[in-house]
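Chemist: Following is a predicted model, sequence given first.
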Amino acid sequence: MQGYVSLVLHAHLPFVRHPEHEKFLEESWLFEALTETYVPLLQVLQGWQRDGLNARVTMSLSPTLCSMLRDPLLQARYTRHLEGLLRLAASELQRTQLEPRFQELARMYHDRFAAVRQTYLGHQCDLVAAFGKLQDAGRLEIATTAATHALLPLLGDHPSAVRAQILVARDHYRSCFGRDPRGIWLPECAYFEGVETVLQEANLRWFILDSHGLLHAQPRPRYGVFAPVFTPNALAAFGRDPDSSRQVWSKHEGYPGDPRYRDFYRDIGFDLDPAYVQPYWPSPEHRGFTGLKYHRITGATSDKQPYDRAAALRAATEHAEHFLEARVGQIHKLSSLLDRPPLIVSPYDAELFGHWWYEGPEFLDALVRKTVTRQGVVELITPEDYLRRYPTNQIARPSPSSWGEQGHLRVWLNERNAWIYPHLQVAQERMSAWAQCHAQLGSVEQRAVRQAARELLLAQASDWSFMLRSDTSPEYARQRVRSHLLRFTALHDQLTRSKVDEKLLAEMEQRDNLFPEINCAYWA
């Protein structure tokens, strides 16, 4: 084999669950990702299994996402959401009778929604189990990430907080997949020196860095980003390949910007009469996406042209061929310079494929099918596969880094969100104190400490600081941080007075119900 490619898809959403409302705007984040990314990716992976393709990929499933995917309330709401999409698509088939191009698209959406529904219900609404079966069959490697996707370097002053994020995630992975994870996606690929100690305690074997986190390691890695290094305590650090990343992520060069692809923003939820589409909005009070979009990107103009599905699929196939040829070219060049086959690590947010880039799953499908025809040249493997084949690697200490703007932590620590961290520090110190005496408390008090741990983990999620920085749903992000910290503080005050309000505690447990077997000793 001349070289290897490792495709790594990071699937994560923040924990959004609001049983107090019949319909809640932000729950649509999960429903959209299910319809456009998670179910289509599952269908693609099952297609590879059905056809016996020798291709292994890696997918990290965050604990918060898995918790939502397994939650009966959200499963029922998503099923209801799918029924609504099918009704809307059926209405569109009638409305567009005099517009053949749009009616053809309405039929496509109706067929796709029906296929998603069939797949979802066929797995008893449990996609976590469905992905787990693919891992058990040797088709997929599932990695984990921090419990609530906290940015670990910003918790570094409280080692117990980092420890809890990692070990709670490890335990949750066990409950989902019946085994321990071998790899971890560090949230935002953010690395700081010392995190390996906790990763080693969790029996993790590898993680992924952005390119500069590996290239600036000490000593400098002799293979660049085309082979992992071992940290001094023997964890493998894999570096992101900048060329394959740029071909997909770049605003100017990336494939998703091709004018033939479906436009993300133009949706009938904004185009049509509110009286007609309001029942299908994510929230009755706000215009929003329905998922039916009839226009293509077209270019830098507001005059969007109708979407041509056949042309878009041809573009996806062309781009898959181009991507593969670029990787083969890299491998040929590197093979003459290195004394082992190079490894090209290509990590992406999973939600890019299908949700943001509608044709992304078809791109991946074409890429994998074309890659398996290049036997002897390039092979799709996982980081764990590589370590089994090449167990000896250079020892180096990676550089602190992230894959955020300018490669450091500015996205998550700036003038818009810095107010969060002093409050988190106080809560983390209090949590450690309660963890020290948790075992000596009564049963109700122990429940209160466990719920305080859940509220702290949820407040630590990097999603909220990102939303504040990017001005994406900033009020919701602000409200989530405050509400979790207020609940934590209320529980702390009740524990201090030895007077826990059981009714209020039960309400909190019912609302924020993830990690049912959480171990508070991790904060001690």
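Modeler: Here it is on my side, so go on.
Chemist: quick check, residue 417 in a helix?
Modeler: No - counting by DSSP: H, G, I helix; E, B strand; the rest coil, residue 417 is not part of a helix but coil.
Chemist: thinking it is in contact with residue 465, fair?
Modeler: Yes - with contacts counted by Cβ atoms under 8 Å, residue 417 reaches residue 465, the gap being 4.0 Å. Where C-beta positions appear, they are placed from N, C-alpha and C, glycine not excepted.
Chemist: Common neighbours of the two, please.
Modeler: With contacts defined as Cβ atoms under 8 Å, 6 or more residues apart in numbering, no residue is shared by residue 417 and residue 465.
Chemist: Past the host helix or strand of residue 162, which element shows up next along the chain?
Modeler: For residue 162, the host element (DSSP states H and E) is helix 159-177. Downstream of helix 159-177, the next assigned helix or strand under DSSP H and E is strand 183-185.
Chemist: which residues are in contact with that following strand?
Modeler: Here strand 183-185 has contacts from 8, 10, 58, 60, 141, 143-146, 166, 169, 199, 202, 204-208, 347, 382-384, using Cβ under 8 Å, 6+ apart.
Chemist: Report the strands that pair with it, each with its relative direction.
Modeler: Paired with strand 183-185 in the same sheet, following DSSP bridges, are strand 140-145 (parallel), strand 206-209 (parallel).
Chemist: C-terminal to it, what's the next element?
Modeler: From strand 183-185, the next helix or strand downstream (DSSP H and E) is helix 195-201.
Chemist: Kindly export that following helix (C-alpha atoms) in CSV.
Modeler: Presented in CSV, the C-alpha positions along helix 195-201 are these (Å, rounded to 0.1, in the frame of the first residue of the first chain):
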residue,chain,number,x,y,z
VAL,A,195,-4.6,16.7,29.2
GLU,A,196,-2.9,13.4,28.3
THR,A,197,-2.9,12.4,32.0
VAL,A,198,-6.7,12.2,32.1
LEU,A,199,-6.9,10.6,28.6
GLN,A,200,-4.5,7.9,29.8
GLU,A,201,-6.6,7.4,33.0
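Chemist: Now do that helix, average pLDDT.
Modeler: Helix 195-201 shows a mean pLDDT of 97.
Chemist: helices and strands around it, which ones?
Modeler: helix 159-177 (3 or more Cβ pairs under 8 Å, 6 or more residues apart in numbering; DSSP states H and E).
Chemist: Give the buried residues for the strand or helix carrying residue 310.
Modeler: Residue 310 belongs to helix 309-335 when assigned by DSSP H and E. Across helix 309-335, burial judged by 16 or more other Cβ atoms under 10 Å covers 312-313, 315-317, 319-320, 323-324, 327-328, 330-331, 334-335.
Chemist: Can you work out which other helices and strands pack against that helix?
Modeler: Right, helix 309-335 is packed against strand 3-11, helix 100-122, helix 242-249, strand 343-349, helix 360-371, strand 378-380 by 3+ Cβ pairs under 8 Å, 6+ apart.
Chemist: ok, of those, where does mean pLDDT dip lowest?
Modeler: Lowest mean pLDDT of the helices and strands packed on helix 309-335: helix 242-249, a mean of 92.
Chemist: rewinding a little: looking at the helix holding residue 310 now, give me its mean pLDDT.
Modeler: For helix 309-335, the mean pLDDT works out to 97.
Chemist: and the angle from that helix to helix 242-249?
Modeler: Relative orientation of helix 309-335 versus helix 242-249 (axes from the mean of the first three to the mean of the last three Cα atoms, to 10 degrees): 170 degrees.
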